[in-house]
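Enquirer: Just to be clear, the model below is a prediction. Sequence and coordinates:
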Amino acid sequence: MLLGSLVFIAVMLTYVMFMARQAMLGFACAMFWAVLAGYAYTHFVTPWVDIYYYLFFAAFGMAIFTMIAAFGLREKREALADKEMDEEEGEEEPAYYDEEAESKKKVDALFDTGGEGAGASKRRKELRERAERRRTGEGRKSSRARG
């Protein structure tokens, strides 16, 4: 009777934790799986033959799994909560820190390479205009007219 109730509580807590995506239930799940593992450990008599022996390792593994899963659910919830809070404040930042975009911004600010001709030299502007004319086909028309 005690074995059945421990298994039922541990399985139902784990099911509810994943269905409701509530990381707070992870601790309770891990505790019940650990209690079930302890109960099975005290009841097995012969290793490799008794069902309690296998139940001990399965329950202990589930205790570890639910601890890690609760941590994974918590991280996901924090990212969503941060995003919702940023939207309420009017700031819209990415859910993750984009190091590549930040480094590009710093390089652009340092060397003034950003934008179409923002602070670009006269030579750079001429080269970009000539390349644009070549892409659009304007350069060919003018060279045919000359030749």
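Expert: Looks like it came in fine. Here the structure is a predicted model, which means the values were calculated and not measured. Numbering: from 1, shown residues only.
Enquirer: show me what contacts V45?
Expert: Y52 (C-beta atoms under 8 Å, 6 or more residues apart in numbering). Where you see a C-beta, it was placed from the backbone N, CA and C, and this is true even at glycine.
Enquirer: okay, it: pLDDT?
Expert: For V45, the model assigns a pLDDT of 81.
Enquirer: And for the one 5 residues further on?
Expert: In this model, D50 is scored at 83, pLDDT.
Enquirer: Same check on A131?
Expert: Listed pLDDT for A131 reads 87.
Enquirer: How about E87?
Expert: E87 is assigned a predicted lDDT (pLDDT) of 62.
Enquirer: What is the neighbour count of L6?
Expert: Per other C-beta atoms under 10 Å, the neighbour tally for L6 reads 20.
Enquirer: That one: helix or strand, and which one exactly?
Expert: Assigned by DSSP states H and E, L6 belongs to helix 2-20.
Enquirer: For that helix, buried residues please.
Expert: Buried residues in helix 2-20, counted by 16 or more other C-beta atoms under 10 Å: L6, V7, I9, A10, L13, T14, M17.
Enquirer: and which of those residues is nearest Y54?
Expert: Using C-beta to C-beta, V7 comes nearest to Y54 of the buried residues of helix 2-20, at 13.0 Å.
Enquirer: Could you pull up the residues touching the closest residue to that closest one other than its chain neighbours?
Expert: In space, V7 comes closest to L36 once its chain neighbours are excluded; the distance is 6.4 Å by C-beta to C-beta, 6 or more residues apart in numbering. Applying C-beta under 8 Å, 6+ apart to L36 gives the contacts L3, L6, V7, A10, L55, A59.
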